[in-house]
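Q: Sequence first, then the predicted structure, then my questions.
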Amino acid sequence: MREVVSSQRGSDELYRGAEGVLEVVRLVSDDDVRHLLREAVARDGTQRAYGIRVGIDPAIVCAVLNAKRAPTAALYAALGVDQALIVREGAAETTR
């Protein structure tokens, strides 16, 4: 489990991982993921080339870029994005 070492400006936080290694983690939205995807596609030249390189159907790449579907777990992994569930303070009390 990660331990928050310090909270920094914006949405970046510094965590101490399981082996004591410090890493910076930034919270991102699906829009941020689409931006990362656009950059990756631009580097590869086409959606098809990117999809083939990372093993994701180019139709999924297209649908995510056009906000027709949410990013898949495989796409998150290809972009180096980890998924996390966040519990807001007070949320547990409202679900009882």
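A: All right, it came through fine. These figures come from a predicted structure and were not determined experimentally. Numbering: from 1, shown residues only.
Q: okay, CA-based contacts and neighbour counts for the rest of this
A: Noted.
Q: Tell me where this protein has helices.
A: Using DSSP state H, the helices of the chain run over 30-44, 47-54, 58-65, 73-79, 91-94.
Q: you'd agree Val64 is up against Ala70?
A: Yes. Assessed by C-alpha atoms under 8 Å, Val64 is found in contact with Ala70 at 5.9 Å.
Q: Please say which of the two ends up with more neighbours.
A: More crowded of Val64 and Ala70, by other C-alpha atoms under 10 Å: Val64, with 21 against 16.
Q: distance of that one from Asp30?
A: Here Val64 is placed at a distance of 9 Å from Asp30 (C-alpha to C-alpha, to the nearest Å).
Q: and what of Ile60?
A: Separation of Ile60 from Asp30 (C-alpha to C-alpha): 14 Å.
Q: And those two? Which one has more around it.
A: Ile60 (18 against 13).
Q: contacting residues around that one?
A: For Ile60, the contacting residues are Arg69, by C-alpha atoms under 8 Å, 6 or more residues apart in numbering.
Q: correct me, but Thr37 touches Ala78?
A: I think there's a mix-up here, since residue 37 is Leu and not Thr. No. Distance between Leu37 and Ala78: 9.3 Å, which falls outside the contact criterion (C-alpha under 8 Å).
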